[in-house]
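K.L.:
sequence and predicted structure below; questions after.
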Amino acid sequence: MILALILFIFLSISLLYNVGNFASNLLRGRGVKYTRTVGPRLEEAVYEDNDSGNKIALVQVDGIISGSVIDQGGYSLVDLIKAQLRRAEDDDRVKAVLLKVDSPGGEVLASDDIYRAIKDFQSRTHKPVIASMGSLAASGGYYISSPCRWIVANELTITGSIGVIMSSWNYRGLMDKVGVLPQVFKSGKYKDMLSGSREPNSITPEEKAMVQSLIDETFARFKSVVREGRTQAYDQNKDRQDKGRALSDDWQDYADGRVLSGTEALKLGFVDQLGGFDDAVERTKKLAGISQANLIQYQQRFDLSDVFRLFGKSDANGSIKVDLGMEMPKLQAGKLYFLSPTFLH
């Protein structure tokens, strides 16, 4: 009886999977040109049904921006966002994308990957991407918003924090106290320049200058992304009745890592409009040239292969996690971050 019950469960899941595929095939004849098979498996879900043939795809960026794997399918946040943009590109009924950002930032490379994906999506499809900032859209959260056609922020949104940070720990003093002496063999004199086991006074001014040069180069990239994105958006909107906001002449004076409120960001031209999510939806419809649209989301599809993966998963290291009520960023020494200083302590 147990075996029959297990078999019945698997057959039911398989039936649901086949029905889902059949429904996806029907969608191909209703504006969806084709469904890509590479990357995360996604299915469309209705976030808000307004009885319209048009769609606005809602893409959410929550938490730390990272290229690390975040799900059992082996995909990262970057993979998921790229896959959602591909689905929005393939569907002719999707007229625009609404990027909902609530993030303090994160890894430099992951942020840049998302930025490029949004920029290329708009260039290829001519479908606008509008950013709706939540309570926090700082540093990398602002970086990924900068290529958007329009940015909406709440008055109390924490944004800005334009800058780059690299952190490391020097634990040589602790090693000396417990009597541990490191032995290092290296191929070049700079190979251990970021090692935490070195004597602090052995770090030369030349090494510090090399690291600072890397920081400055990445920071210059951040500013160029902001300048290019905001200038292009303003040029695209300048013929409209509501032109949005151009960057102020002194905007670079505020690109020093400081955080800004939504109101301050509007004055400096970092955002185009103050408002909430509903205001962003209305602005999206205006920029897309439509009067009504259904809000949709792309969610990861759960099928039979995921069931077997769940059964096969085990935690062999016996680790214990303490829930502190929030997810703290896992900063890695020697790695560059676009991250708000609020989350570094």
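P.N.:
Good, I have the coordinates.
K.L.:
specify the local secondary structure of G196.
P.N.:
With DSSP: H, G, I helix; E, B strand; the rest coil as the basis, G196 sits in coil.
K.L.:
tally up the residues packed near it, please.
P.N.:
Neighbour count of G196, defined by other CB atoms under 10 Å: 15. The way it works is simple: take the backbone N, C-alpha and C, and place the C-beta from them, glycine included.
K.L.:
for L174, same thing?
P.N.:
As a burial measure, L174 scores 12 neighbours (other CB under 10 Å).
K.L.:
R149 versus F10, what's the distance?
P.N.:
46 Å (CB to CB, to the nearest Å).
K.L.:
which of the two has more neighbours?
P.N.:
Counted by other CB under 10 Å, F10 and R149 do not tie: R149 has more neighbours, with 24 against 12.
K.L.:
got the contact list for the more buried one?
P.N.:
The neighbourhood of R149, defined by CB atoms under 8 Å, 6 or more residues apart in numbering, consists of Q122, P128, V129, I130, A233, Q236, N237, L287.
K.L.:
for the residue nearest to the first one when sequence neighbours are not counted, list each beta-bridge partner.
P.N.:
Spatial nearest neighbour of Q122, excluding adjacent residues (CB to CB, 6 or more residues apart in numbering): V129 at 5.6 Å. Assessed by DSSP bridges, V129 has beta-bridge partners V97.
K.L.:
state the number of residues packed around V129.
P.N.:
25.
K.L.:
what do you get for G188?
P.N.:
Close neighbours of G188, defined as other CB under 10 Å, add up to 7.
K.L.:
C148 now?
P.N.:
A total of 26 residues lie near C148 under the criterion other CB under 10 Å.
K.L.:
quick one: what helix or strand has it in it?
P.N.:
Using DSSP states H and E, C148 falls within no helix or strand.
K.L.:
so it versus V180, what's the distance?
P.N.:
Relative to V180, and taking CB to CB, C148 is found at 51 Å.
K.L.:
what do you get for R221?
P.N.:
Distance, R221 to V180, by CB to CB: 39 Å.
K.L.:
of the two, who's got more company?
P.N.:
Neighbour comparison, R221 and V180: the larger count goes to R221, with 14 against 11 (by other CB under 10 Å).
K.L.:
who touches the more buried one in this structure?
P.N.:
D112.
K.L.:
try 10 Å
P.N.:
Residues near R221 by CB atoms under 10 Å, 6 or more residues apart in numbering: V108, D112, Y143, V164.
K.L.:
can you show me the helices along the stretch 201-345 of the chain?
P.N.:
Using DSSP state H, counting those that start in this stretch, the helices of the stretch 201-345 of the chain run over 205-237, 262-268, 277-288, 304-312.
K.L.:
can you add mean pLDDT and distance to I118 and give the ones you listed back as TSV?
P.N.:
Listed next are the helices of the stretch 201-345 of the chain as TSV, based on pLDDT from 0 to 100; distance: least, CB to CB, whole Å:
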stretch	mean pLDDT	distance to I118
helix 205-237	94	9
helix 262-268	97	19
helix 277-288	96	14
helix 304-312	51	28
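K.L.:
show me the one of those helices that comes nearest D90.
P.N.:
The closest of the helices of the stretch 201-345 of the chain to D90 is helix 277-288. By CB to CB, the value is 16.9 Å.
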